[in-house]
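Engineer: No sequence on hand, only this structure:
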């Protein structure tokens, strides 16, 4: 099952280059910390089951071409998700993927989708079984044992 969360895009402050402030001791910008806490709260509300591995996709709705590169947002996203009160899993167990973006939106948003590894593995197994059945059907048709309607020719 996929879990979808929509968050506001609060600007370039979320990018990997800008969310930490300070010269000697880097700390997370307060605005970014609030955004990360809001994301963690939304994750908690969805009761996403614990898993060893997560697929996390990011899709953006932006005003125009002056938009961030979604991959620059992954560090902030991963830091928010790995918090104890969110998924409580180290970000090395995430597969982050850029799902693209659309332009022309008045309200800029980031849409994250998560799937657990178990669900992904199950979907891959189902797809492999369907591919195998299709290959068997094609072989039977090539051999003349079955026609397109699934009937045995006489």
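Structural biologist: Nice, thanks for sending it over. Model, not experiment: these values are computed from the prediction.
Engineer: This structure: helices as residue ranges?
Structural biologist: Secondary structure of the chain (DSSP state H): helices at 30-45, 74-81, 117-142.
Engineer: Just give me the neighbour total for the closest residue in space to residue 62 that isn't next to it in sequence.
Structural biologist: Among residues not flanking residue 62 along the chain, residue 108 sits closest, at 5.3 Å (Cβ to Cβ, 6 or more residues apart in numbering). C-beta coordinates here come from the backbone N, C-alpha and C atoms, glycine included. A count of nearby residues for residue 108, using other Cβ atoms under 10 Å, gives 17.
Engineer: check contacts around residue 108.
Structural biologist: 8, 9, 60, 61, 62, 63 (Cβ atoms under 8 Å, 6 or more residues apart in numbering).
Engineer: now residue 31
Structural biologist: Taking Cβ under 8 Å, 6+ apart, one finds 10, 13 in contact with residue 31.
Engineer: so how far is residue 48 from it?
Structural biologist: Remark: distance between residue 31 and residue 48 (Cβ to Cβ, to the nearest Å) = 25 Å.
Engineer: before we move on, what about residue 37?
Structural biologist: The value you get for residue 37 to residue 48, if Cβ to Cβ is used, is 17 Å.
Engineer: the more surrounded of the two?
Structural biologist: residue 48 (18 against 14).
Engineer: beta partners of the residue lying closest to that one once chain neighbours are set aside?
Structural biologist: Nearest residue to residue 48 in three dimensions, chain neighbours excluded: residue 3, at 5.3 Å (Cβ to Cβ, 6+ apart). As for beta bridges, residue 3 partners with residue 114 under DSSP bridges.
Engineer: so how many other residues sit close to residue 3?
Structural biologist: A count of nearby residues for residue 3, using other Cβ under 10 Å, gives 18.
Engineer: can you check residue 67 too?
Structural biologist: Burial of residue 67 is recorded as 15 neighbouring residues (other Cβ under 10 Å).
Engineer: Wait, it touches residue 60, no?
Structural biologist: Yes: counting by Cβ atoms under 8 Å, residue 60 is a contact partner of residue 67 at 6.5 Å.
Engineer: overlap in contacts of the two?
Structural biologist: Residues touching both residue 67 and residue 60 by Cβ under 8 Å, 6+ apart: residue 101.
Engineer: Report the beta-bridge partner residues of the residue nearest to the spatial centre of the chain.
Structural biologist: Nearest to the mean C-alpha position of the chain, counting by Cα atoms, centre = their mean, stands residue 57 at 1.9 Å. On the basis of DSSP bridges, residue 57 is bridged to residue 97, residue 113.
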